[in-house]
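> No sequence on hand, only this structure:
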């Protein structure tokens, strides 16, 4: 591919950013690996769901018990699809709503109890209905899994741009995993520890990750360079790492700017813009030490050189994070 694109003269940036990991596939790998470790607990819920879905009479009986437990009369639990972990999540989420119903069936429905005394097609005994503790573990895991499900749904969207939110989702998931690693729940702790190993394999190093996903985030006028800095601080990246990556992002942005512009920018003129803060040198002496420092920092921030459109973009005001129905492609169309 690289050779052909080079021959067509369509390969930009010397193939530096051509390899980008497929985010949803990686999420799938991470979650499926963990689901294997919880196979018995999930199998128990799956058996409950399969029993209900196996015939109309069993479904009717399940709905009778649901009414007795003051649940919806049209209650149902979807079966999962082996190749799609998000269906497993939806099955768990639905089954948790009917914990009391399954508990009552285990006590009062003889056919339901007999079903678990049978063996499956492979001659193995079926995993028994869950205990109260098992349900609590499933609930904690499902709540944790919800973050991954929501991230997958967002990143799988095909009618809207998702490149600018990939870095946000990565960091959000990393913070969720880190919180779960130190959680008191032993199941959640074990699951998160396993996930962290897998997560770090693909996205653990900000230095190793393809910077294009960060660049896409910087080109979101709600975030620019600030989001990357704060996000890396949240996941305990060192000051040196943050400073280094911010420098790399600015260099890449300039490289992209000049490549799209069609020249190396060697003859770019500088337009210096200085904002008058209405202060003379002697005025600072009238302030206390803290306010002096604040004033100096503001003067440093607001007195700057605008060398090109990239500098202009980074120095312009942010779009509010609370802006409703913000669409990044429409913003860039208006501000190109």
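Received the coordinates, thanks. Only a predicted model underlies this, so the values are computations on that prediction, with no experimental measurement involved.

> got the contact list for the residue nearest the centre of the chain?
For the chain, the residue whose C-alpha lies nearest the mean C-alpha position (CA atoms, centre = their mean) is residue 169; its distance is 2.4 Å. By CB atoms under 8 Å, 6 or more residues apart in numbering, the residues touching residue 169 are 23, 151, 154-155. Glycine gets a C-beta too; all of them are placed from N, C-alpha and C.

> Would you mark the buried spots in the strand or helix carrying it?
Under the assignment given by DSSP states H and E, the secondary-structure element containing residue 169 is helix 166-181. Along helix 166-181, the positions that meet the burial threshold by neighbour count (16 or more other CB atoms under 10 Å) are 166-174, 176-177, 180-181.

> now do stretch 2-22
For stretch 2-22, burial by neighbour count (16+ other CB under 10 Å) applies to residue 11.

> where does the residue nearest to the centre of the chain land on pLDDT?
Note for residue 169: predicted pLDDT of 91.

> try residue 329
Residue-level pLDDT assigned to residue 329 equals 93.

> In contact with residue 84: list those residues for me.
Residue 84 sits next to no residue when contact means CB under 8 Å, 6+ apart.

> Okay, and the beta partners of it?
residue 81 (DSSP bridges).

> Just name the shakiest helix or strand of this structure by mean pLDDT.
Between all helices and strands in the chain, the lowest mean by mean pLDDT, DSSP states H and E belongs to strand 271-274, at a mean of 43.

> tell me the mean pLDDT for stretch 244-259?
Stretch 244-259 comes out with an average pLDDT of 89.

> so how far is that stretch from its chain's centroid?
On the basis of CA atoms, centre = their mean, to the nearest Å, stretch 244-259 sits 24 Å off its chain's mean C-alpha point.

> Buried residues, it. List them.
When burial is assessed from 16+ other CB under 10 Å, stretch 244-259 yields the following buried residues: 245-246, 249, 252-253, 255-256, 258.

> For residue 2, which non-adjacent residue is closest in space?
In this structure, residue 2 finds its nearest non-sequential neighbour in residue 15, 5.2 Å apart by CB to CB, 6 or more residues apart in numbering.

> hmm, back to that, got JSON lines for the buried residues of stretch 244-259, with secondary structure and distance to residue 3 too?
Listed next are the buried residues of stretch 244-259 as JSON lines, based on DSSP: H, G, I helix; E, B strand; the rest coil; distance: CB to CB, whole Å:
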{"residue": "245", "secondary structure": "helix", "distance to residue 3": "31"}
{"residue": "246", "secondary structure": "helix", "distance to residue 3": "34"}
{"residue": "249", "secondary structure": "helix", "distance to residue 3": "29"}
{"residue": "252", "secondary structure": "helix", "distance to residue 3": "24"}
{"residue": "253", "secondary structure": "helix", "distance to residue 3": "28"}
{"residue": "255", "secondary structure": "helix", "distance to residue 3": "22"}
{"residue": "256", "secondary structure": "helix", "distance to residue 3": "23"}
{"residue": "258", "secondary structure": "helix", "distance to residue 3": "25"}
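
> Turn those residues into a markdown table, columns for distance to residue 209.
Formatted as a markdown table, the entries for those read as follows, by distance: CB to CB, whole Å:
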| residue | distance to residue 209 |
| --- | --- |
| 245 | 10 |
| 246 | 14 |
| 249 | 12 |
| 252 | 13 |
| 253 | 16 |
| 255 | 18 |
| 256 | 17 |
| 258 | 23 |
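
> any low-confidence regions in the protein?
The model of the chain has pLDDT under 70 over residues 37, 40, 79-83, 120, 122, 128-129, 263-286, 298-307.

> Which stretches in it count as strands?
With DSSP state E, the ranges of strands along the chain come out as 271-274, 303-306.

> Was I right to think residue 137 contacts residue 185?
Yes. Using CB atoms under 8 Å, residue 137 and residue 185 qualify as a contacting pair, with a distance of 7.4 Å.

> Could you dump the contacts of residue 169 into a markdown table with neighbour count added?
What follows is the contacts of residue 169, written out as a markdown table (neighbours: other CB atoms under 10 Å):
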| residue | neighbour count |
| --- | --- |
| 23 | 21 |
| 151 | 21 |
| 154 | 16 |
| 155 | 17 |
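
> which residues touch residue 331?
Residues touching residue 331, when contacts are defined by CB under 8 Å, 6+ apart, comprise 221, 319.

> cutoff 6 Å now
For residue 331, the contacting residues are residue 221, by CB atoms under 6 Å, 6 or more residues apart in numbering.

> still on that earlier bit, which one of the buried residues of stretch 244-259 is nearest residue 45?
Residue 45 lies nearest to residue 245 out of the buried residues of stretch 244-259, by CB to CB, at 42.3 Å.

> Quick check: the gap between the closest one and residue 88.
When distance is defined by CB to CB, to the nearest Å, residue 245 is 35 Å away from residue 88.

> try residue 74
Spatial separation of residue 74 from residue 88 under the definition CB to CB is 23 Å.

> same deal with residue 257?
With distances taken as CB to CB, residue 257 is found 45 Å from residue 88.

> Spatially nearest residue to residue 179 (excluding sequence neighbours)?
Beyond its immediate neighbours in the sequence, the residue positioned closest to residue 179 (CB to CB, 6+ apart) is residue 192, lying 8.0 Å away.
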